[in-house]
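Peer 1: Pasting the sequence and the predicted model now:
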Amino acid sequence: MKIAAAAAVVMAVMLPALPAAADEAPDERPDVPVGTWLAARTQPAVQLTSFTYTATVSVPSNAIDEAAYNQLIQRGAAAVAAGKISSDERSIAKWVFQEIAANVDTYVSEATPQRTVEAEVGGMCTGWWITPDGYMVTGAHCVQVGETELSQLFAQQALKKFNEQDAKEIISGLGDLSNDEEILKLAQQIYVTFNTSHMKIGNLKQSLSVMQSLPGGGVDKTAKAVPAELVSVGESYPGKDFALLKVNGQQNLPTLPLGDDSDVRTGDTLYISGFPGLVTNTPFFSLESKLEPALTEGPYNAKRTTQSGVPYIQTQAPSYKGNSGGPVFSKDGKVIGMLIAGTVSETGEASESESFVLPVGIIKEKLGEKNIKPAQALTTTRYNEALNDFFRNYYEDALPKFREVQALFPNHPYVAKYISDTQQAISAGKDESPKSILLWVLIGGGVLVVIVIIAVVVKVVGKRRRSRPQPPYGSPSPGGGYGAVPPPPWQQLPAGQAQVSPPVQPAHGAYGQGGYGPGGYAAGAGGYGAAPHGSAPHNVNGQYGAGQYGAAPPHGQAQQPLGDQTRAVRYGQFTPPPEGQSR
């Protein structure tokens, strides 16, 4: 009962010392800004997407209709005579080209031969993984374009060379005016209009791809375009601007969790992640920079509804061309919508105060039509846990989780950098990981074992001392007691012979075969020569035998636990080094 009472006292003392961090929720946001925490968690699942059209573009040669042109010259001469046009050559040439540009088909006609060029057009957007096996969500206008817009794209890309050549030919006979910038632009406009309206597109092919890192981690020059399949597509803005892609051969992809429309309301802060074209389309930034999504934030302004009844969220979170299809988050890190559109000025610049978001309810509706259920892989779970540990400076706790993520998904674009940063922090002595509850229990258990062993030793020693033979000399004790004890044979010697000391009596107990030496326990070869791991038997006289556990610690000092080697590692096969040592 006394031992049990002592154990209760020990545990009562030890339990209040357990770390407070053990009570924290595993996914509770650390004490870092929302944007910092949210960007770190979501970036791995946000990917740069691209769509590409290839085709054979053909346009006819052209010729000026001489009859129509001569009539134009006569009208010009009359206008000069009437004082409507200045009589200088530049003013007359400018008036002629303006008239032709306003009525191109009246003055320019098709001719032979037909001119052809192989052309490729496309665009870049943003997408995000919704399942670990490769389903991705993006915008409808990010995967296909209408015929009119497609013709404009091909005209801009494929016809530029033809337009410049035709313009130079028509002004070649104007002498010095052929170098006049305004005259040249007017001539080019004539052929932009003519060639675009007479262009034909053949052998049209479309492809979709996702930029993905190769094994080894890191969003760097190892990234490549991975083909994607179009599974479902809705109507472009202002319709339900949604598309579902599938990239085959994927597993353990990082994903994003979906929230609900009710998670946000007017006044809440929204966060948009994506790839702005002002970065991806410029040659000044490295590929690594282009493949890291940008995070912007702004208030939820209002809920809007299009004339066809499609809901949209208006927000002041900045967005740009290229952000289309990107996820929009609440402060809790869940997707509450997808960035679709934004207003632009007359010069084509984006307006930061008017971005429009397709609500997550529509996304869920479209996923349900294809029976696609959002899911989260162990990759994401461990990565989020590791990030929380990292931001709390629990580097030794974070490291095995980051390594597990790397093993689960070798293509992970950011985990290799986190592993490196975590190892450096540990080496620099910055780790603040709390001791696990198991370790504290082991330490408390060790102390309890010490108390039990001490109590047993004291009890055994006391019994043995009480059981030793009493001196045989003297008369019987008063009252009958033990009475007189005859001397042992070794004391019954003939007179005149020297008395010899009695032989050492061997002890036969739990502590081995050593007897009671003059200084305590003699060296023994029994089972308790040294204390078990985490504790030691108390030696009243200050000596210990050498048992099967090796040498015991000094008197009064318990065997120290083996640092973090005794701590259970939750994730992965990893054993941290002893306390005080760095990796």
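Peer 2: All right, it came through fine.

Peer 1: Where does the prediction get shaky in the protein?
Peer 2: 1-27, 215-222, 344-353, 436-450, 452, 455-583 (pLDDT under 70).

Peer 1: which strand in it runs the most residues?
Peer 2: Secondary structure of the chain read by DSSP state E shows that its longest strand is strand 108-129.

Peer 1: Which helix or strand lies directly C-terminal to that strand?
Peer 2: Per DSSP states H and E, strand 108-129 leads on to strand 135-138 as the next helix or strand towards the C-terminus.

Peer 1: how big is the angle separating whichever helix or strand comes after that following strand from strand 108-129?
Peer 2: Using DSSP H and E, the helix or strand that follows strand 135-138 in sequence is helix 147-158. In terms of direction (axes from the mean of the first three to the mean of the last three CA atoms, to 10 degrees), helix 147-158 departs from strand 108-129 by 100 degrees.

Peer 1: residues in contact with helix 147-158?
Peer 2: With contact meaning CB atoms under 8 Å, 6 or more residues apart in numbering, helix 147-158 is reached by 53, 55, 57, 117, 119-121, 145, 192, 195-196, 199, 201. Using the backbone N, CA and C atoms, a C-beta is placed for each residue, glycine as well.

Peer 1: Show me which of those residues are buried.
Peer 2: Buried members of those, counted by 16 or more other CB atoms under 10 Å: 53, 55, 57, 119, 121, 145, 192, 195-196, 199, 201.

Peer 1: ok, now which ones touch Ala68?
Peer 2: 106-107.

Peer 1: Repeat that for the one 4 residues further on.
Peer 2: Contacts were defined as CB under 8 Å, 6+ apart; by that measure Leu72 touches 96, 99-100, 107.

Peer 1: What residues sit buried inside the helix or strand containing Leu270?
Peer 2: Element membership of Leu270 [criterion: DSSP H and E] is strand 269-274. Residues of strand 269-274 classed as buried by neighbour count (16+ other CB under 10 Å): 269-274.

Peer 1: Give me the angle between that strand and strand 108-129.
Peer 2: Using the same axes, to 10 degrees: strand 269-274 against strand 108-129 is 120 degrees.

Peer 1: Okay, now the sheet partners of strand 269-274, with direction.
Peer 2: strand 294-305 (antiparallel), strand 327-329 (antiparallel) (DSSP bridges).

Peer 1: Now the ones you listed in a markdown table, please, with extra columns for distance to Val279.
Peer 2: A markdown table is the format used below for these (distance: least, CB to CB, whole Å):
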| stretch | distance to Val279 |
| --- | --- |
| strand 294-305 | 7 |
| strand 327-329 | 18 |
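
Peer 1: out of the ones you listed, deepest packed?
Peer 2: strand 327-329 (a mean of 29; mean count of other CB atoms under 10 Å).

Peer 1: Could you tell me which other helices and strands the helix or strand following that strand packs against?
Peer 2: Using DSSP H and E, the next helix or strand after strand 327-329 towards the C-terminus is strand 335-344. On a contact count with 3 or more CB pairs under 8 Å, 6 or more residues apart in numbering; DSSP states H and E, strand 335-344 meets strand 269-274, strand 327-329, strand 350-359, helix 360-369.

Peer 1: Send me the first one as PDB with only the CA atoms.
Peer 2: Extracted as PDB, the C-alpha positions of strand 269-274 are listed here (Å, rounded to 0.1, in the frame of the first residue of the first chain):
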ATOM      1  CA  THR A 269     -11.400  38.400 -46.600                       C
ATOM      2  CA  LEU A 270     -10.900  36.200 -49.700                       C
ATOM      3  CA  TYR A 271      -7.600  34.800 -51.000                       C
ATOM      4  CA  ILE A 272      -6.900  34.100 -54.700                       C
ATOM      5  CA  SER A 273      -4.100  31.800 -55.800                       C
ATOM      6  CA  GLY A 274      -2.900  31.600 -59.400                       C
END
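
Peer 1: Quick check: buried residues in the very next helix or strand once past it?
Peer 2: Heading C-terminal from strand 269-274, the first helix or strand you meet, by DSSP H and E, is helix 277-280. Within helix 277-280, the residues that count as buried by 16+ other CB under 10 Å are 277, 279-280.

Peer 1: just the angle between the longest strand of the chain and strand 335-344, please?
Peer 2: Using the same axes, to 10 degrees: strand 108-129 against strand 335-344 is 150 degrees.

Peer 1: Show me what strand 108-129 is packed against.
Peer 2: Checking 3+ CB pairs under 8 Å, 6+ apart, strand 108-129 ends up next to strand 46-64, strand 135-138, helix 147-158, helix 160-170, helix 181-197, strand 269-274.

Peer 1: 6 Å instead?
Peer 2: Other elements packing on strand 108-129 under the criterion 3 or more CB pairs under 6 Å, 6 or more residues apart in numbering; DSSP states H and E are strand 46-64, strand 135-138, helix 147-158.

Peer 1: Which residues are in contact with Pro60?
Peer 2: Neighbour list for Pro60: 110, 114, 198 [criterion: CB atoms under 6 Å, 6 or more residues apart in numbering].

Peer 1: Let me have the residues you listed in CSV, adding distance to Leu291 and neighbour count as columns.
Peer 2: Listed next are these as CSV, based on distance: CB to CB, whole Å; neighbours: other CB atoms under 10 Å:
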residue, distance to Leu291, neighbour count
Glu110, 45, 13
Gln114, 41, 11
His198, 40, 16
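
Peer 1: Out of these, which is nearest to Arg382?
Peer 2: His198 (59.1 Å; CB to CB).

Peer 1: Kindly state the beta-bridge partners for the nearest residue to Val335 once chain neighbours are set aside.
Peer 2: Distances taken as CB to CB, 6 or more residues apart in numbering put Pro327 closest to Val335, at 4.7 Å, once the chain neighbours are dropped. Pro327 has these beta-bridge partners by DSSP bridges: Met338.

Peer 1: What residues does Pro327 make contact with?
Peer 2: Residues near Pro327 by CB under 6 Å, 6+ apart: 128, 256, 273, 335.

Peer 1: Need those in a markdown table (columns: distance to Leu153).
Peer 2: What follows is those, written out as a markdown table (distance: CB to CB, whole Å):
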| residue | distance to Leu153 |
| --- | --- |
| Trp128 | 25 |
| Leu256 | 30 |
| Ser273 | 26 |
| Val335 | 30 |
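
Peer 1: what's the closest of those to Val247?
Peer 2: Nearest to Val247 among the contacts of Pro327 is Trp128, at 12.2 Å by CB to CB.

Peer 1: So what's the residue count around that closest one?
Peer 2: By other CB atoms under 10 Å, 24 other residues sit near Trp128.

Peer 1: my guess is it meets Pro254, correct?
Peer 2: No: applying CB atoms under 6 Å as the test, Trp128 and Pro254 come out as separate, 9.5 Å apart.

Peer 1: joint contacts of these two?
Peer 2: Shared contacts of Trp128 and Pro254, counting by CB under 6 Å, 6+ apart, come down to Ala45.

Peer 1: want to throw the helices and strands packed on strand 335-344 into a markdown table with distance to Asn248?
Peer 2: Below are the helices and strands packed on strand 335-344 laid out as a markdown table (distance: least, CB to CB, whole Å):
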| stretch | distance to Asn248 |
| --- | --- |
| strand 269-274 | 24 |
| strand 327-329 | 22 |
| strand 350-359 | 26 |
| helix 360-369 | 18 |
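
Peer 1: Since that was my last question, I'll sign off now.
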